[in-house]
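> with the input below, show me the fold.
(chains A and B)
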Amino acid sequence: MIILLAYVAIFVVAYVAVRQISGRLTHLWGVTARKTVTFGDESAVTSDRWASVISVITIFLLWGAFTGSKLTPFHVPGPFIGETSFTYTSENLDGTRDDATVAVLVFEVGAEGDFNPPEVEPGPGFAKNDSVKVGAWRSVLVRVDKNDESGREDGAKVVAIDGREVEPGDSVNVNSGTVTISSKGTPNFKPAEGWQMEPIWLPSPEAVVSRVAEIAQHGYQNSTLFQHVGWSLFRVVAGFVLGSLVGIPLGYAMGLNGWCRGWFDPIVEFMRPVPPLALIPLVIIWAGIGEFGKIILLFLAALWIMAIAARAGVSGVAISKVHAAYSLGANKFQILRRVIIPNSLPEIFTGARVAMGVCWGTVVAAELVAAERGAGMMIMVASRFQLTDIVIMGIILIGIIGFGIDILMRTTERWLIPWKGRG
Amino acid sequence: MQGRFGVKDPEPTFSWNFTNMSDLTIDCVSMRFNLPSGDSILALENISLDIKGGEILTVLGPSGCGKTTLLNIVAGFFSPTSGIVSLDGRPVTEPGPERGMVFQQGALFEWMNVRDNVAFGPSVKKLPKSEIDDIVDRLLEVVGLKDFKDKAIYELSGGMQQRVALARCLANDPEVILMDEPLGALDALTREKMQGLVLNLWDETKKTIILITHSVEEALLLGGRLLVMAPRPGRIHKEYRLPFAALGVGADLREIKKHDEFGPRRDEILSMIWDMEEEIMGRMETGM
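Numbering: from 1, shown residues only, chains lettered A, B, ... in the order given. Okay, the predicted model is just below:
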């Protein structure tokens, strides 16, 4: 909730600030030709570069601020670390009360060094002072009566914390923490958590980065980072290439021949809406969890998309182009090679972009289910061991690679079919 | 050789084929289309027409009169329900390079540059490369696009694209050129220039040309013969033989429009088409 509010606040503040600054700057440079109607004119809405930059920075700033990162200049309050204390009041059977102090050392979990509970004097009365240690974000049950002259076995019970009367189940805020009385009457101390996230939920950015370096060098689950990612990519490319090799000719056949269309239409139309993920169990039964099964799965994911794209490409050929080619003396083969194939390239490329995206998603999911190596397997195994930094690193890498694939396809498309959208 | 276009050609390796001035015969052609609803419409009824080699014929008519259907039958894209089309005695059964076609727009291959578009016909005929280059150079000069050889199609204006379409068709040296509203999508000025180009090409190549248009002025200017077709069923309503095409070769077309006969003819044909349109509207209102 706090994070959401902070995010909205940054969104608004950055908008106002950038507006102010760019307004001043345009004033300095002089106003160029501008549209007066922009609301509702989609072509006048351009992506604001500043907004993109600030958006990305904001995500990292919030991430850093809420995980106590050393890379960000400011943080939200972290968990309490250090020494604190609270007092309890014990009452024995005959009604006499005595106070004693519990000294607590709160230490950082995972930090170097030995942490010992602070030394304390036993103090006067039948209740004696205690001393415990606890890690940040954890809690500790303090058996205060253990060293008392009159303990729980003798009928004594804790009746107040820091002077406030308590019953079992009550909570009392004490200095830098909370004390809850358990059902059996034992105080349970939980140090103040602050607003930061515990590393096992969300590690700081630098922890993730250092994990990237470590896994790139030493590997995780018998493979280095590049091997994991490389295997995933190999499966995608192999499945996609096979799917295209079969799917594109199939689509052409369906677009050019009535018998083929009638024959394959029911199959393609039925298989297209089946999510590839739903095929995973069957593929595992038939082909196991090895490379063969994965590639079959990705082949199936790409096949229908490419077949439909190629068929759409054929139906998208303007009949006047085909007529023109026949009138110029071309035969069927020449029409296919020189008119239909080039004319269907834009559709095929659109299909290929979709297919690559689907394949990439499917391979990660398939690896989550079962694999010996791969990006998905890496994050799945890491999550079982609560290695959140590996999981986050894996998700970021998967995102970057998926994005990279799309950029690559778009660049190839622009290079191969410059006439797209300009016919 | 000094061509009409002021082009000096020191070694004319490419020249027009004047020997096969083929006659096109359309004999009792009818065309019935079956509609999905189970009805059928008679798009053409008993069309008979003889077109001499080297004639330029324009076809006018309200929409739905079957003029494009007729052109598609001559091109060989449709085979008629009855009747026969023959070129020089050979029946037309399928499209072929001896009957070149120029479409309204968008029929160029935009994945090829200007040169490859023009070279398409000769290259599917597997002519030697030097000969193809020769044809392409010559035709791009004829249509005035010499400097645009390596341009992509989408870089050209609409008028230039139609020049490429003309050149692509002529590169095959067809016996008959069929034009389906080739200038329909152009702006008025470009259209006038292109009309002059079509007339000059007709005069230089002596090809038989059939041109379909919606514009009465264009039909008058370019038609050595002019057919007015009527709809439902598609038939020839009236035929004219006109002097304007012959006069217009190499001349200013605006001067031709001032010819004594031009205005009356235009008004006559316009009111004829107007009446047909009125009749169609009337039939629609009475539920026919």
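> what helix or strand is whichever residue of the stretch 1-150 of chain B sits closest to chain A located in?
Residue nearest to chain A within the stretch 1-150 of chain B: B:P97 (3.3 Å; CB to the nearest CB). Where you see a C-beta, it was placed from the backbone N, CA and C, and this is true even at glycine. Of the helices and strands defined by DSSP states H and E, none includes B:P97.
> and A:A111, how far from chain B?
65 Å (CB to the nearest CB, to the nearest Å).
> no, scratch that, I was asking about A:I341
Taking CB to the nearest CB, one finds A:I341 at 9 Å from chain B.
> ok so B:L108 is a strand residue?
No. Residue state for B:L108 (DSSP: H, G, I helix; E, B strand; the rest coil) corresponds to coil; a strand is not indicated.
> can you count the residues close to it?
24 (other CB atoms under 10 Å in any protein chain shown).
> just the strands in the stretch 101-250 of chain B please.
B:176-180, B:208-212, B:225-230, B:235-241 (DSSP state E, counting those that start in this stretch).
> what does chain A give?
A:82-91, A:97-107, A:130-135, A:140-141, A:157-161, A:164-165, A:171-174, A:177-181, A:187-191 (DSSP state E).
> I'd say the residue of the stretch 1-150 of chain B closest to chain A and A:L328 touch.
Yes. The pair B:P97 and A:L328 passes the contact test of CB atoms under 8 Å, sitting 6.0 Å apart.
> all helices of the stretch 101-250 of chain A, in order?
A:205-218, A:225-256 (DSSP state H, counting those that start in this stretch).
> give the buried residues for the last one.
Pointing back at helix A:225-256 there. Buried residues in helix A:225-256, counted by 16 or more other CB atoms under 10 Å in any protein chain shown: A:225, A:227-229, A:231-233, A:235-236, A:238-240, A:242-244, A:247-248, A:250-256.
> show me the contacts for the closest residue in space to A:S171 that isn't next to it in sequence.
Excluding the flanking residues, the one nearest A:S171 by CB to CB, 6 or more residues apart in numbering or on different chains is A:T180, at 4.6 Å. Counting by CB atoms under 8 Å, 6 or more residues apart in numbering or on different chains, A:T180 touches A:G169, A:D170, A:S171, A:V172, A:P187, A:N188, A:K190.
> nearest residue to B:K151 other than its sequence neighbours?
B:K151 sits nearest to B:V114 (CB to CB, 6+ apart), 5.3 Å away.
> what count of nearby residues applies to the one you found?
26.
> most neighbours out of the contacts of A:T180, which is it?
A:P187 leads the contacts of A:T180 on contacts (other CB under 10 Å) with 22 neighbours.
> and the residue of the stretch 251-400 of chain A that's closest to chain B?
A:G329 (3.3 Å).
> can you tell me which residues contact the closest residue to chain B within the stretch 1-150 of chain A?
Per CB to the nearest CB, A:S43 is where the stretch 1-150 of chain A lies closest to chain B, at 19.6 Å. Taking CB under 8 Å, 6+ apart, we find A:S43 in contact with no residue.
> tell me the pLDDT at it?
Reading off the confidence values, A:S43 has pLDDT 72.
> list just the nearest of the contacts of A:T180 to chain B.
Of the contacts of A:T180, the one sitting nearest to chain B (CB to the nearest CB) turns out to be A:K190, at 69.6 Å.
> how about A:Y326: what's its closest non-neighbour residue?
Nearest one to A:Y326, counting by CB to CB, 6+ apart, is B:P95 at 3.9 Å.
> just checking, the one you found touches A:A330?
No. Proximity of B:P95 to A:A330 does not meet the contact threshold set by CB under 8 Å, at 9.2 Å.
> who in chain B is up against chain A?
Chain B has residues B:75-77, B:94-97, B:99-101, B:103-104, B:106-112, B:120-121, B:124-125, B:152-154, B:168-169, B:172, B:178 near chain A, with proximity defined as CB under 8 Å from any CB of the partner chain.
> and with 7 Å instead?
B:75, B:77, B:95-97, B:99-101, B:103, B:106-107, B:109-111, B:120-121, B:124-125, B:152, B:154, B:172 (CB under 7 Å from any CB of the partner chain).
> any idea how far the closest residue to A:G361 other than its chain neighbours lies from A:K146?
Spatially, and ignoring its direct neighbours in sequence, A:G361 is nearest to A:G402 (7.7 Å; CB to CB, 6+ apart). For A:G402, the distance to A:K146 (CB to CB, to the nearest Å) stands at 57 Å.
> these two - which one has more neighbours?
Just comparing A:G402 and A:K146: by other CB under 10 Å the higher neighbour count belongs to A:G402, 16 against 11.
> helices of chain B, residue ranges please.
B:67-75, B:114-118, B:120-124, B:129-142, B:158-170, B:188-205, B:216-222, B:244-248, B:253-256, B:262-285 (DSSP state H).
> dump these into CSV; add distance to B:F148 and mean pLDDT as well.
Output for the helices of chain B, formatted as CSV (distance: least, CB to CB, whole Å; pLDDT from 0 to 100):
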stretch, distance to B:F148, mean pLDDT
helix B:67-75, 27, 88
helix B:114-118, 5, 88
helix B:120-124, 16, 88
helix B:129-142, 7, 86
helix B:158-170, 7, 88
helix B:188-205, 15, 85
helix B:216-222, 25, 86
helix B:244-248, 26, 77
helix B:253-256, 24, 78
helix B:262-285, 34, 81
